[in-house]
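> I would like the atomic coordinates for the input below:
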Amino acid sequence: MKKIIIVLLFMSISTAAFCQNDVRGGMGITFISIPALVDYINNQGIAPANQQIGIFSSAVIFSGEADYSLNANHQIGVEVAYLINSYTFNQSIGLYKLDYGIVMPSVIYYYVIRDTGFNIKFGAGAGVRFVNLSQQWPATPSAQSYSSTGFGLLFRADGNTFLSKDLFVNLGFDLRYDVNGKPKDGSQYLVNKTNQQNVSFNAFSAGIRLGMTYSF
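Take a look at the predicted model:
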């Protein structure tokens, strides 16, 4: 019994010695595909023929995260990310503008490989998604606002390189698939009049981030 207690105590001390909790912040660029939105913009006269948008577009993403070490090689984290994007088109009667943002909180599990001066983290997570969309047509006094709620998956690779005692430079790569629902204003959905379908905001994205990590 004493031997078991000694072994457990040794394991606990060893684990505590290697544990590092992390707080990270940063921003990046992601390439996002929302096929139903692309179809909505391209095929009902919003985008002029010479300004048709591609299946992928670039967007900016900001994120903050706190990670708790379960042991030397395993962490659990909570992240809140915010993606923003916009489209503007000069139409014959004026300016059309569409902006959207996606708030993406996620719970993430990490496997961590540590070495002197750096660590590498591979993670997978999931969470709810909140979409807000604003659309303003030419010659209208105010914008229309839509929103939806969904669910998303996240796959990630992160590298942290030693900068000072507890500070690391963070570089990360993300893959996301989000089922974001269909934005609506009250009971009114965003409708593609070409096919008479409500616009789905399901999205696939891939991007890179740069930031700072503080470990303690």
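> CA atoms for contacts and neighbours, from now on please.
Will do.
> In this protein, mark out all the strands, start to finish.
All strands of the chain, identified by DSSP state E, fall at 22-33, 57-71, 74-91, 94-115, 118-136, 144-162, 167-179, 184-185, 188-189, 191-192, 197-198, 203-215.
> can I get the ones you listed in CSV with distance to residue 44?
What follows is the strands of the chain, written out as CSV (distance: least, C-alpha to C-alpha, whole Å):
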stretch, distance to residue 44
strand 22-33, 19
strand 57-71, 19
strand 74-91, 13
strand 94-115, 13
strand 118-136, 14
strand 144-162, 17
strand 167-179, 24
strand 184-185, 18
strand 188-189, 16
strand 191-192, 7
strand 197-198, 12
strand 203-215, 21
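> Switch these over to JSON lines; also include mean pLDDT.
Formatted as JSON lines, these follow (pLDDT from 0 to 100):
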{"stretch": "strand 22-33", "mean pLDDT": "97"}
{"stretch": "strand 57-71", "mean pLDDT": "97"}
{"stretch": "strand 74-91", "mean pLDDT": "96"}
{"stretch": "strand 94-115", "mean pLDDT": "96"}
{"stretch": "strand 118-136", "mean pLDDT": "97"}
{"stretch": "strand 144-162", "mean pLDDT": "97"}
{"stretch": "strand 167-179", "mean pLDDT": "97"}
{"stretch": "strand 184-185", "mean pLDDT": "96"}
{"stretch": "strand 188-189", "mean pLDDT": "94"}
{"stretch": "strand 191-192", "mean pLDDT": "94"}
{"stretch": "strand 197-198", "mean pLDDT": "95"}
{"stretch": "strand 203-215", "mean pLDDT": "97"}
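> Can you lay out those strands as a markdown table showing distance to residue 39 and mean neighbour count?
Below are these laid out as a markdown table (distance: least, C-alpha to C-alpha, whole Å; neighbours: other C-alpha atoms under 10 Å):
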| stretch | distance to residue 39 | mean neighbour count |
| --- | --- | --- |
| strand 22-33 | 11 | 19 |
| strand 57-71 | 13 | 18 |
| strand 74-91 | 14 | 17 |
| strand 94-115 | 14 | 18 |
| strand 118-136 | 16 | 19 |
| strand 144-162 | 18 | 18 |
| strand 167-179 | 17 | 19 |
| strand 184-185 | 17 | 16 |
| strand 188-189 | 16 | 14 |
| strand 191-192 | 8 | 17 |
| strand 197-198 | 11 | 16 |
| strand 203-215 | 13 | 19 |
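> who wins for proximity to residue 51 among the ones you listed?
Proximity to residue 51 (C-alpha to C-alpha) singles out strand 74-91 among these, at 7.7 Å.
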